[in-house]
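Enquirer: this one's structure only:
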């Protein structure tokens, strides 16, 4: 069995409490926090029958590795995971919707991307093993529970993985400022992988060449680009809109 890990913050712990309460070993709360949000949270913890341990802010910060714990942390058992992207795709009902991130190294950006992927119903997020952020406590906190619900696959060779997706008839659409068509002109009702690069650098050349199509996100103001998590939201929710 995998070693226990720590989740912190109301969202991250709350999602685990909602989806897999039996996997929670113990929940730590700051007794100094007595506001309505904490009271409601404690009611849910008590209802789920989880063990509660009081801990001051310093102990929580040490446990979480961050001062952004909001007075809540939990030691939890790792949940069973899908072992491979192929295994996941074999179980997807309907046209797959995937988010591919190339060169996103900031854990805050990754967490936000996972959160929007969960909200839009994406089946997985894919990233290269090199030049990419992995799942850690900061990612889990920013993702507000989505790090627990959205499969995140780090692959050895991203271009090869895109080729394998094409073999499954999944259309790989990359985003680029200089693309002739916009995301709103693309057909996102088909099986699709949306490929985004890091803000500024964009996709690597080999990743770009591996895409079936490039699209842009219209920019009408003074700024030239969007944060990758915002761009992911624009693209994923356009897919959701078309599929609805």
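Expert: Looks like it came in fine. For clarity, every value in this text was computed on a predicted model and none was experimentally measured.

Enquirer: helices and strands around the longest helix along the chain, which ones?
Expert: Ranked by number of residues, the top helix in the chain under DSSP state H is helix 228-243. With contacts taken as 3 or more C-beta pairs under 8 Å, 6 or more residues apart in numbering; DSSP states H and E, helix 228-243 sits against strand 97-102, helix 107-120, strand 192-197. C-beta coordinates here come from the backbone N, C-alpha and C atoms, glycine included.

Enquirer: Dump the ones you listed into a markdown table; add mean pLDDT and mean neighbour count as well.
Expert: Formatted as a markdown table, these follow (pLDDT from 0 to 100; neighbours: other C-beta atoms under 10 Å):
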| stretch | mean pLDDT | mean neighbour count |
| --- | --- | --- |
| strand 97-102 | 98 | 26 |
| helix 107-120 | 95 | 23 |
| strand 192-197 | 97 | 26 |
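
Enquirer: Relative to residue 3, which of those is closest?
Expert: Counting by C-beta to C-beta, residue 3 lies closest to helix 107-120 out of the helices and strands packed on helix 228-243; the figure is 20.1 Å.

Enquirer: distance between the closest one and the chain's centre?
Expert: In terms of C-alpha atoms, centre = their mean, to the nearest Å, the centre of helix 107-120 is set 4 Å apart from its chain centre.

Enquirer: and the angle for it with strand 97-102?
Expert: Calculated by axes from the mean of the first three to the mean of the last three C-alpha atoms, to 10 degrees, helix 107-120 forms an angle of 170 degrees with strand 97-102.

Enquirer: Counting by contacts, list what helix 107-120 packs against.
Expert: Partner elements for helix 107-120 (3+ C-beta pairs under 8 Å, 6+ apart): strand 97-102, strand 124-128, helix 137-143, helix 146-149, helix 228-243.

Enquirer: could I get the ones you listed as a markdown table with distance to residue 13?
Expert: Compiled in a markdown table, the helices and strands packed on helix 107-120 are given as follows (distance: least, C-beta to C-beta, whole Å):
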| stretch | distance to residue 13 |
| --- | --- |
| strand 97-102 | 25 |
| strand 124-128 | 21 |
| helix 137-143 | 10 |
| helix 146-149 | 10 |
| helix 228-243 | 22 |
